[in-house]
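Engineer: next one to model:
(chains A, B and C)
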Amino acid sequence: MINRFILEKRLKSVVMHLILLSVAATCILPLIWMFSSSLKTQDTIFSNMHIIVSDPHWENYREAWTKGNFGAYFLNSVIYTVSVVGGVVFTASLAAFAFARLNFPGKNIMFYMFLITMMIPIPGSFIALYVLLQKLRLVNTRLGYILPQINAGLALAIYILKTFFEELPKDLEDSARIDGCGKFGVYWHIAMPLAKPAIAVIVVFNAMAVWNEYLLAMLILSSKSLMPLQRGLMVFQGAHITRYPLLMAGITIAVVPIVVLYLIMQRHIITGITAGAVKG
Amino acid sequence: MKVRILSVFVFLFFALTIFGCGNSDTKGKPDLVLWHWMTDREEAFLELAKRYEEETGIKVSFELYAPSDAYSQKVRASAQTGTLPDIYGLLAEKRDYAAFIKAGHITDLSDYMNGFIATNKDDYAKLIKKGFISDLTYDMEQKFKEWRRIFFKKALEVNIFPEGNQWGVKPGIYGVPIDVTNIQMLYNKDLFKEAGLDPEKPPKTWEEFIEAGRTLKAAGIPGLVSGWGEIWMIDCFASNYAMNIMGKDKVVATIKGKVPYTDPDWLKVFHLFKEMADEGILAPGIVAMVNKSAEQTFANNRAAFSFNGSWCVNVYRGMNPDLNYAAIPPPLVNKKNPMYIWGGAGASFLINEKSKAKEEAISFLKWLTYEPQQAFLSSKTNNLPANQKCLVDIPPILAQFADDMEITTHPSILPASEYSQVIEFFNKGIQSIIIGEKTPEEVAAKVQEVKERRMEWTKKREARKKQNN
Amino acid sequence: MKLKTDNNILLKDTLQNYLFVLPALILFATFYIYPVYKVFELSLFEYDGISPQKYFVGLGNFKDALGNSIWWHSMRNAGYITFLALTFQNALALLLALIVDRDIKGGRFYRIVFYLPPVLSGIVIGLIWNWIYDGNYGLLNHWLSALGLGKLARAWLADPKTALTCVGIIHMWRGFGWGFIILLAGLQNIPRELYEAARIDGANSRGIFTRVTVPLMIPVFVLVMILTVLGTMQIYDLIVATTGGGPGYHTEVPITRILAAMIGSSRFGYACSLGLIFGVVLLIVSMIQLKLSKLLKQT
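Structural biologist: Below is the predicted model of the structure:
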C-alpha cells in the first residue's frame, strides 16, 4: 500500500520533470543555436548546422562590437530603458493605486480610457505621433523618444498593478492608517512593497520592450549619438546581404543584459507576499 | 527596496536633465544631409562622403534608416511636417513618387540632366584645380554637357515623367540613379552535371526549361527556387512572361482596362505556373519563402534554378564562394517576341525642392555619378553602376547581368499603372495556383472581377469629386 | 460652518486622489488623444498620406472596410491563432506555473528558462522555425521520416492546411513565457497560510486548487486572457518573418492588412478606418472578458 503510494508519487514526479525538461529544451536550444552560429562564418552558418563549432571565430564578437558601434549605443539603451521603466513604474503605480483603492468621480471612465490605449493598434497613429513631436520640438531628442514609450507601457502596467492592488488585504491598510500613514504613505509603505512581484513583472516586460524597440527610434531620432542598441544590429542586415554570424554575435551581446535583468527580477517575483508583509 | 527605487529615480532625473534636451553638437553641422536605407552600402557611402569633403570642403552627412519599412515611414512622416533632408531616396511605386513631386518635395532635374544649366562648371573647375580625377577633364565637354548621357538609358527611365504622364506630373527628370539592377534566371552548373545535363547548354526556351526540370526531378534535385513568398518576386516573373507572350502593348492595354485578365494570353501566363507546379519543378514551399531563404537554398546547392536579382552575386559569394553558376534570361515561351526582364535603377536619390542647398546637392549627386565614385561604389558593394562607362572591372557573372540591361523593363516605366489591389490579387492568386488550390481560370476571373470593381469605384469617386467642385 | 470644512476636506481629499492619476493622465492626453484623434479624422478622408489635398468621404472608408471579405478573413485568421493561444498556450503556462510554484527540484532553473523565448529576437525565431518547417531540408520532415511517417512530410508553411496552425504554434511557443511569469507572480501572491488551512480542513491537492487557487486567481486569469487576446490579435512580425501572409491569403492578419493599405497601396484614410474598426473589435472583446470576470467573481 505504502509502496504503491510512493511509487505513484515517484512516477508523478518523473512525468512532471519530463514535461518540464522537454519544454525547457525547446527554450534553450534556440539560444544555443544562436550562440554557436555566432562563432561560425557566413559560408558555414547554413551549410554546417552542428551545434558544436570546431574552429570558433571568437573575433566575430569583437567585430560585431566595433562595427555595430555598440559602445555608444549600449549606454543610450541603458539610459532609455532605465528612464522608461522608472517612468512607467512610477506613474502607473500611482494611477493604479488610485484606481484600486481610492475614490473620485470619473474613476471608472478614466480606467477604461487607459485600457483602450492597449487596444487601438499603433500603425495608423505613427505618423500623427511624429507630427505631434515635431510641434513639441521633441523630434531627435531623448525625451521625445522616452515619453511616448512611457505612455505606451502605462496601460498594461496600470492594469496589472490594479489587479494586484485590489487583492491587498484591507486590514493592512487600516492598521497603517491608524499608525498615521496618509494616502501616499499607504501607497509607498504598504501597497508598493506588497506588489513587488507585479512590479518585477512590469519591469521585465517594459525593459524588454524598450531594449528591443527600434521603429520608434528610427522615426524620432536622427543623430547617431542618440540611437539605441538595436540600431547597431541593423548594420548587419542589408536589404540583400545579411551578415549572419556578426548578426548572431550582435544579438547575443544584446540579449545578455535582458537575461541578467530577468535573473535579478525573477527573485522578486518569487519572494512575494511573505517577505513584503514582514517589512510592511 | 526603497533605496533601490529611490536610486532609480535619482538616476532617471539625472538622465533626463543631463541628456534630455536634444543634442547640441552644432559645431560639426553638415552642409548637406542625405537619408537612405541601404545598409550594405553605408560603409562605401561614408568613405565617399569623406573624399568629397576632402576635395570640396563640403560636408555631406549620410544618415541610414533601415529596414526599408521604417525608412518609408520616416520619409512619409517627414514629408508631413516638411522636414525632409536635402537629398533622400524614395521607396515607393511611381504613383507615390508622383504624389511627392506634386506635394513639392522633389526637384525637377531635367535642365541639369540635359545640360541646359551649367552652373556647376564652377564646381568642376574647383575639382580639377584640386588635382582631382585627371581622367575627368579630357572629354568633359562632350561627356558632361549632358549629364544624362553617362547613365544607362534604363537607369534614368524610372525617374522620368514623360509628357502627358498618367499622374499629371509636370514632365521632367526627378531623380539621380546611383546603380542599376535586373532580375534573371540563374542555374547551378554542378547540379546540371549531376543530373546529366550539359552545364554549358542552359535552356533557351520554355520547353527546354520544363524538360530540364523533369530531368532534374528524376535525379532528385529540386528545380526552381525563388522568394515567391514575397509577392513582388512573383510579379516579376509573371510580368516577364506576360510581355513575352502578348507583347508590351497588350499588357498596357490590359492595365488600361481594354483587355480582360481572362484573355487567352493571360490564361497562358497563369498556366505557366500551373505547369511548373504540376511537373514538380518548383522547390517545395516556394510560395511561403522569403527571398533570403531562397538565396540560402540556392547558395547551398539545394536547387538547380533560381530566379533572382543581380544583387545575388554578392549574397552567394558570401554564403558559398565555390558556387558554380551562371545567369541567363528566362527561357522564352513565345519565340516571336523578345524576352523582357525586370530591372532599371536600383536606388535613386532625389533632391528636396524645399532644400536650401539645392545647388550643392545637385553638384554632389553629379560627383557621385562620375566614374571614379561609381567604380568605387560598384567594386565595394558589387552592384551594377548606373554610369555605363564603369563596367570594365566587374566580375564575369555581374557582366552577364549587365549585358541584359537593354532588355529590362519595369512597371514604373509603362504608360499605365495597375491598381495595387489588383496586383495583390494577381500574385496571391498565382500562389493559390501553385499550391493547387485554384485553377488558372478561377484566378483570372477573380482578378478581372477585382479590376472591374476598382475601375467602377474610381469612376464613381471621380464623378462625385467633379460634382463637389 | 462645520459642514463647510467637511466639504473642504472632502474636496481636498478628492483633489489629492486626482493627484495620483495626474502624471499618467498628462502623458495619456498628450501622446494618445491627439494621435488617435488624427487617425479618426483621417479615416473620414480619401488620402494618400503624401498629397496636400484630402478628399472628404464621410463614412465611405468604413463602408469599404466592412464590406471587404479579405479584411474579415484576416480577422478570422488572427482569431483562430488567438483561440489556440487562449487554450493551449495558457493551459501550458498555467501548468508550468503551478508546478514551479511548488518547491520542486530545479525550480529556479525552470523559472529562468521558460522566459527565454520571449527574450529571443524575431530574426532568430524566424530563422530557426523556417528551418524546422522547411519543405526540403526541414527538421520536422526529417524527424517524421525517421519515425516512418514520411507521408506526412510537407512544406509546412506553404500548405494552406497547415500554414496558419504552424504560425500559431510558433506564436504560442514564443508567448507562453509571458503568461507563465504573470501567473507565477499571481500564484506567489496567494498567502501560503490559506493552503495550510485548507489542508488542515482535509482538502486534497485538487480540492485546494479548485477552492483556494482558482477563486483567488480569477483576476489574474482574466488579466492573462485579455493580454493574450490583445497580443495575439495584433500578431505581425512573426507573420512577416515566416509566411508574409501567404500562401494566398491564408495567414493574413489585421495588422498586415492595415500596413498593406497604408504603405502598400497608399490608402491612408482607409488604413486608418481599418485600424479603428480593429480597435473597436478588440475593445468589445476585452469588455466582454472583463464583464465575465466580474460575474465570475460574484459567484
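Engineer: from now on I want contacts and neighbour counts done on CA atoms only, so please keep to that.
Structural biologist: OK.
Engineer: in the stretch 1-150 of chain A, where is pLDDT below threshold?
Structural biologist: Along the stretch 1-150 of chain A, segments meeting pLDDT under 70 span A:1-2, A:119-124.
Engineer: element containing the residue nearest the centre of chain C?
Structural biologist: The residue lying closest to the centre of chain C (CA atoms, centre = their mean) is residue C:231, at 1.9 Å. Assessed by DSSP states H and E, residue C:231 sits inside helix C:214-233.
Engineer: so for that helix, mean pLDDT?
Structural biologist: Mean pLDDT, helix C:214-233: 88.
Engineer: what does that helix rub up against?
Structural biologist: For helix C:214-233, contacts defined as CA atoms under 8 Å, 6 or more residues apart in numbering or on different chains pick out A:118-119, A:159-160, A:163, C:75, C:78-79, C:81-82, C:85-86, C:90, C:171, C:179, C:182-183, C:186-187, C:190, C:253-254, C:282, C:286, C:289-290, C:293, C:296-297.
Engineer: let's see 7 Å
Structural biologist: Contact partners of helix C:214-233, identified using CA atoms under 7 Å, 6 or more residues apart in numbering or on different chains, comprise A:119, A:163, C:78-79, C:81-82, C:85-86, C:179, C:183, C:186, C:282, C:286, C:289, C:293.
Engineer: repeat that for stretch B:361-372.
Structural biologist: For stretch B:361-372, the external contacting residues (CA under 7 Å, 6+ apart) are B:32, B:86, B:87, B:120, B:178, B:351, B:374, B:387, B:389, B:390.
Engineer: flag every residue of the stretch 51-200 of chain C that's near chain B.
Structural biologist: C:51, C:52, C:135, C:136, C:155, C:157, C:158 (CA under 7 Å from any CA of the partner chain).
Engineer: do chain A as well
Structural biologist: A:42-43, A:47, A:79, A:82-83, A:86, A:127, A:130-131, A:140-143, A:215, A:218-219, A:234-235, A:237-241.
Engineer: show the buried residues in those.
Structural biologist: Buried residues within the residues of chain A next to chain B, defined by neighbour count using 16 or more other CA atoms under 10 Å in any protein chain shown: A:42-43, A:79, A:82-83, A:86, A:127, A:130-131, A:140-143, A:215, A:218-219, A:234-235, A:237-241.
Engineer: closest one of the residues of the stretch 51-200 of chain C next to chain B to residue B:204?
Structural biologist: Taking CA to CA as the measure, residue B:204 lies nearest residue C:136 of those, at 27.4 Å.
Engineer: so which strand or helix has the closest residue to that closest one other than its chain neighbours?
Structural biologist: Nearest non-adjacent residue to residue C:136, counting by CA to CA, 6 or more residues apart in numbering or on different chains: residue B:284, 6.3 Å away. For residue B:284, there is no host helix or strand (DSSP H and E).
Engineer: domain parsing for chain B?
Structural biologist: B:32-180+B:345-412, B:182-343+B:415-458 (automatic domain parsing).
Engineer: now residue A:115, nearest residue through space, not along the chain?
Structural biologist: Nearest to residue A:115 is residue A:155, by CA to CA, 6+ apart, at 5.6 Å.
Engineer: relative to helix C:214-233, how tilted is the host helix or strand of that neighbour?
Structural biologist: Using DSSP H and E, residue A:155 falls within helix A:142-166. Angle, helix A:142-166 to helix C:214-233, by axes from the mean of the first three to the mean of the last three CA atoms, to 10 degrees: 150 degrees.
Engineer: in chain B, where is pLDDT below threshold?
Structural biologist: B:1-28, B:115-145, B:392, B:469.
Engineer: now do 50
Structural biologist: Within chain B, the stretches with pLDDT under 50 are B:1-3, B:17-18, B:20-27, B:118-121, B:124-143.
Engineer: remind me, longest strand of it?
Structural biologist: If you go by DSSP state E, chain B has its longest strand at strand B:176-188.
Engineer: what about residue B:218, how many residues nearby?
Structural biologist: 11 (other CA atoms under 10 Å in any protein chain shown).
Engineer: measure it to chain C for me?
Structural biologist: 16 Å (CA to the nearest CA, to the nearest Å).
Engineer: over to residue A:229?
Structural biologist: 13 Å.
Engineer: which helix or strand contains the residue nearest to that residue when sequence neighbours are not counted?
Structural biologist: Nearest non-adjacent residue to residue A:229, counting by CA to CA, 6+ apart: residue A:73, 4.6 Å away. Per DSSP H and E, residue A:73 falls inside helix A:70-101.
Engineer: now do the next helix or strand after that helix: which elements does it pack against?
Structural biologist: Tracing the chain C-terminally past helix A:70-101 and defining elements by DSSP H and E, one meets helix A:107-117 next. Judged by 3 or more CA pairs under 7 Å, 6 or more residues apart in numbering or on different chains; DSSP states H and E, helix A:107-117 is in contact with helix A:142-166.
Engineer: secondary structure class for the residue nearest the centre of chain B?
Structural biologist: For chain B, residue B:346 is the residue whose C-alpha lies nearest the centre (CA atoms, centre = their mean; 4.2 Å). Residue B:346 falls in the strand class when you classify it by DSSP: H, G, I helix; E, B strand; the rest coil.
Engineer: go ahead and confirm it touches residue B:175.
Structural biologist: No. Using CA atoms under 7 Å, residue B:346 and residue B:175 do not qualify as a contacting pair, with a distance of 11.8 Å.
Engineer: list the contacts of the helix or strand encompassing residue C:195.
Structural biologist: Using DSSP H and E, residue C:195 sits within helix C:192-200. With CA under 7 Å, 6+ apart as the test, helix C:192-200 has contacts from residue C:208.
Engineer: for residue B:443, which non-adjacent residue is spatially closest?
Structural biologist: Per CA to CA, 6+ apart, closest to residue B:443 is residue B:429, 5.5 Å.
Engineer: perfect, that will be all.
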